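# using only what follows, build the 3D model:
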Amino acid sequence: MIAGLSKAINQYLAPLLSLTSILLILFAFLAPTVMLEGKVALLTVGPSTSLTQPGSSGSIDGPSVFLGPLGSCTRRNLASSINCTLPAINPTYDLSVLPGSAPDLLSAPTATTPAFIAVSIAFTFFFLLLFTLTAFRSKMGKAGAFFDKPVVQRSTAWIGLFGFMIGLTSFLVLRMWFGKSVEDFNKAILKGGQSSPQLVADLSNGFTMIYVAYAFYAIPLVSSLAKLHVTSTGKA
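Sure thing, here's the model as predicted:
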């Protein structure tokens, strides 16, 4: 029974989780400029009285901004259509819908951060491909012997580890960057009191998708590293 469970996890669950992780990472990376505009972002600025009038319901109509790694999307009010900037590795955020009195504290991270994320996605894709092929090598006949070679197992583990470390580190940098931006923006609104624009900045659901993605990614990566460890121990 335990052997069957182990086989099911390595052959079916781990590749499925790896596929899910790369899709979630892609969604968070491409949103909101390429896809899921207005639905997924790393940071949002929206209308609210929660800072200028503490204790109020907070829900009002007004401008909104959705920021992501590759650019931003905006809308002037809830009834307006959403307009997005062209995606770029070194984006310039469009904050023109915000009132002139809004704090000018929201800026894009350095171009290297999105570039590193793109590199990590490439590593993750190759890891998904190689891990899936090594997982199903027993069903591939003679061709499966190639994926049973130690060098292929080792390369798969290293590619997966590079993709995981580069991607997670890059998104953690974005989390710290945007977290500081949110803190500074809201502090400036609070400092202005009731004369400040009725806005509030928040970290958004893009980071939740990233946390889930890398939690899923860790399972096939640990499986690949475990197989590598067993192979090296057997030789020793």
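# pairing partners for Cys84 in the sheet, please.
Taking DSSP bridges as the rule, Cys84 bridges to Cys73.
# got the confidence number for Met209?
In this model, Met209 is scored at 95, pLDDT.
# dump the residue contacts of it.
Going by Cβ atoms under 8 Å, 6 or more residues apart in numbering, Met209 touches Leu24, Ile25, Phe27, Ala28, Val40. Glycine gets a C-beta too; all of them are placed from N, C-alpha and C.
# which parts of stretch 178-197 are buried?
Phe178, Ser181, Val182, Phe185, Asn186, Ala188, Ile189, Ser196, Pro197 (16 or more other Cβ atoms under 10 Å).
# same check on stretch 156-165?
Thr156, Ala157, Ile159, Gly160, Leu161, Phe162, Gly163, Phe164.
# hmm, back to that, let's have the buried residues of stretch 178-197 in a markdown table, adding secondary structure and pLDDT.
What follows is the buried residues of stretch 178-197, written out as a markdown table (DSSP: H, G, I helix; E, B strand; the rest coil; pLDDT from 0 to 100):
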| residue | secondary structure | pLDDT |
| --- | --- | --- |
| Phe178 | helix | 93 |
| Ser181 | helix | 92 |
| Val182 | helix | 93 |
| Phe185 | helix | 92 |
| Asn186 | helix | 92 |
| Ala188 | helix | 90 |
| Ile189 | helix | 89 |
| Ser196 | coil | 84 |
| Pro197 | coil | 89 |
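# farthest pair in the contacts of Met209?
Across the contacts of Met209, the longest distance by Cβ to Cβ is 11.9 Å; it joins Ile25 and Val40.
# just the helices in the chain please.
2-8, 14-30, 112-135, 150-192, 205-235 (DSSP state H).
# higher neighbour count, Ile25 and Val40?
When neighbours are counted by other Cβ atoms under 10 Å, Ile25 and Val40 differ, and Ile25 comes out ahead with 26 against 20.
# ok, the spatially closest residue to the more buried one that is not a sequence neighbour - how many residues close by?
Excluding its sequence neighbours, the residue lying closest to Ile25 (Cβ to Cβ, 6 or more residues apart in numbering) is Ala213, at 4.8 Å. Each residue near Ala213 was counted by other Cβ under 10 Å, and the total is 24.
# isn't Ala213 up against Phe29?
No: checked against Cβ atoms under 8 Å, the pair Ala213 and Phe29 is beyond contact range at 10.0 Å.
# before we move on, the earlier item: I'd like the buried residues of stretch 156-165 as TSV, with distance to Phe116 appended.
Output for the buried residues of stretch 156-165, formatted as TSV (distance: Cβ to Cβ, whole Å):
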residue	distance to Phe116
Thr156	21
Ala157	20
Ile159	15
Gly160	16
Leu161	15
Phe162	11
Gly163	11
Phe164	13
